[in-house]
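*Asks:* after the sequence you'll find the predicted model.
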Amino acid sequence: MSYRDNRRERGYDRDRRRQGKPHYGDRSRGSHRGREEYSRQGKPMPKPNGDMCSPLCPYFRCSKKALLITTEHYRGQPIKEAYCRWIGDKCIGAQCQYAYCALQKMLPDGRCGWALERKQRSSKEFDEELEGEEYSFRSKSLLSKLGFKEDEF
């Protein structure tokens, strides 16, 4: 048995890649993005900092085309930072007069409209859930013992 025959038996043959079969040494060479960045439709999700628009959001744009996202390492951990090539310093984000959102969700004060809509939807769902819920006989008796009247709950 030759060396090449031995490799073919073990699954190291280059022809396997051409046939679409898995190869032991194959790795995805594309950029890796976490699950939280993508929605179910495969589109990237906005990434605001709380309520404020972030320059690291995939929809944050600079009309001067000066936004540069770099990765720096701090204590072995990669940290993404946004730099402005126009001024040569860190990007100030939504405070810049050239900043805009590709989804048109950035408000004039720099808040992210997408994040605000999401918060409102979740609070409305919670309120609707509380309104629709009825109290059991036991919980009503406990509330009445605590001093609450029946019309309050």
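*Replies:* Yes, it's here.
*Asks:* does Cys96 really touch Arg61, like I thought?
*Replies:* No. Contact status for Cys96 versus Arg61: not in contact, 10.8 Å apart, counting by Cβ atoms under 8 Å. Heads up, the C-betas are built off the backbone N, CA and C, glycines and all.
*Asks:* which parts of the protein are helices?
*Replies:* 3-10, 15-19, 113-132, 137-145 (DSSP state H).
*Asks:* and Ala82, how close does it get to Asp51?
*Replies:* According to Cβ to Cβ, to the nearest Å, Ala82 stands 18 Å off from Asp51.
*Asks:* picking up where we left off before, lowest-confidence stretch among the helices of the chain?
*Replies:* Least confidently modelled of the helices of the chain is helix 15-19, at a mean of 53 by mean pLDDT.
*Asks:* now do the contacts for the nearest residue to Cys112 once chain neighbours are set aside.
*Replies:* Counting by Cβ to Cβ, 6 or more residues apart in numbering, Cys112 lies nearest to Pro48, which is 3.8 Å off, once chain neighbours are set aside. Counting by Cβ atoms under 8 Å, 6 or more residues apart in numbering, Pro48 makes contact with 54, 57, 112, 114-115.
*Asks:* tell me which of these is nearest to Ala102?
*Replies:* Cys57 (9.1 Å; Cβ to Cβ).
*Asks:* and that closest one, how many neighbours?
*Replies:* A count of nearby residues for Cys57, using other Cβ atoms under 10 Å, gives 24.
*Asks:* any figure for the gap between it and Gln120?
*Replies:* For Cys57, the distance to Gln120 - Cβ to Cβ - is 19 Å.
*Asks:* swap in Tyr98?
*Replies:* Tyr98 is 29 Å from Gln120, by Cβ to Cβ.
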